[in-house]
Structures are given as C-alpha cells and as structure tokens.
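Enquirer: next come a sequence and a model predicted from it.
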Amino acid sequence: MGDGASAPFDEQFPMAFGTGPFSIQDHYVTEDIPVGCHIYHELGQKFGVKTPVIDSIITLGSAMVGIDFDQTGVNLKELGIGHLDRAELLDYLENGNYNGNYKEEA
C-alpha cells in the first residue's frame, strides 16, 4: 500500500461476509495448531526430522491465544500410534495394518 492508504480492518464487505475468520479464537488457530501442527511436530521429533516452520506456527499461535499448545496439543500416544516404529507406522498408513501391542518407549 502506498502513502496515504488506509485499511478499514473493522469493516465487513458484503462480498466477503461470512468468509472470516473474524476472531483470533477461530478454529484455524484453536484446533488446527494443537491437533494438526502438533502431530507433525511430534512425528518430526520421533523420526529425527526438523520442523522449524511448524514449530514457529505452534509458538506464534500459542502467543496469540495465550494457550501453550506444546503442552495441550494432541500427542502420538493419545492417537494410539506413539509406540509404532517407522515400519509399523508406514504399514498402518499405507495398508491399515495396526499393531496395537504397546512397547515401552525409550
């Protein structure tokens, strides 16, 4: 935007009505980050893959809404897949074969 331009952030235009989000408490932040992003973060940690962009989304989202998504986010154990090794997880994802036998995680 150039000099003298202004953005009427408090106005809703008829063409965009209902397309939101209109609040920081929208599900894109309060659900997608602690579920989707946090699961990818946990998978990265488990299998040694760095996830700096996802980690930054978790950090920023946490700061915006005042909830620590690192602590409250869904984890692999809650999904019942925390005990699976790489081969077992791939077999489950590709073929639907689930090994429900839990192993002690190191």
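Expert: That came in fine, so what should we check first?
Enquirer: contacts for stretch 29-36, please.
Expert: Residues external to stretch 29-36 that are found in contact with it (CB atoms under 8 Å, 6 or more residues apart in numbering): 57-58, 61-62, 64-65, 67, 69, 72-74. For glycine as for every other residue, the C-beta is placed from the backbone atoms N, C-alpha and C.
Enquirer: just the buried residues of those residues.
Expert: Listed as buried from these are 57-58, 61-62, 65, 67, 69, 73-74; burial here means 16 or more other CB atoms under 10 Å.
Enquirer: need the residue closest to the centroid of the protein.
Expert: Centre of the chain computed as the mean C-alpha position; nearest residue by CA atoms, centre = their mean is residue 37, 1.9 Å away.
Enquirer: pull the longest helix along the chain out as CSV, backbone CA atoms only.
Expert: Among the elements of the chain assigned as helix by DSSP state H, the one spanning the most residues is helix 52-65. Backbone C-alpha positions of helix 52-65 (Å, rounded to 0.1, in the frame of the first residue of the first chain) are rendered in CSV as follows:
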residue,chain,number,x,y,z
PRO,A,52,11.1,-25.3,12.2
VAL,A,53,8.2,-23.7,10.3
ILE,A,54,5.6,-25.9,12.2
ASP,A,55,7.3,-25.2,15.5
SER,A,56,7.1,-21.4,14.8
ILE,A,57,3.4,-21.7,14.0
ILE,A,58,2.9,-23.5,17.3
THR,A,59,4.8,-20.8,19.1
LEU,A,60,3.1,-17.9,17.4
GLY,A,61,-0.4,-19.5,17.8
SER,A,62,0.3,-20.1,21.5
ALA,A,63,1.3,-16.5,22.0
MET,A,64,-1.7,-15.2,20.1
VAL,A,65,-4.3,-17.0,22.1
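Enquirer: please renumber so the chain begins at 597
Expert: Taking 597 as the first residue, the last one we looked at is helix 648-661.
Enquirer: helices or strands up against it?
Expert: When contacts are defined as 3 or more CB pairs under 8 Å, 6 or more residues apart in numbering; DSSP states H and E, helix 648-661 sits against helix 623-626, helix 634-643, helix 665-668.
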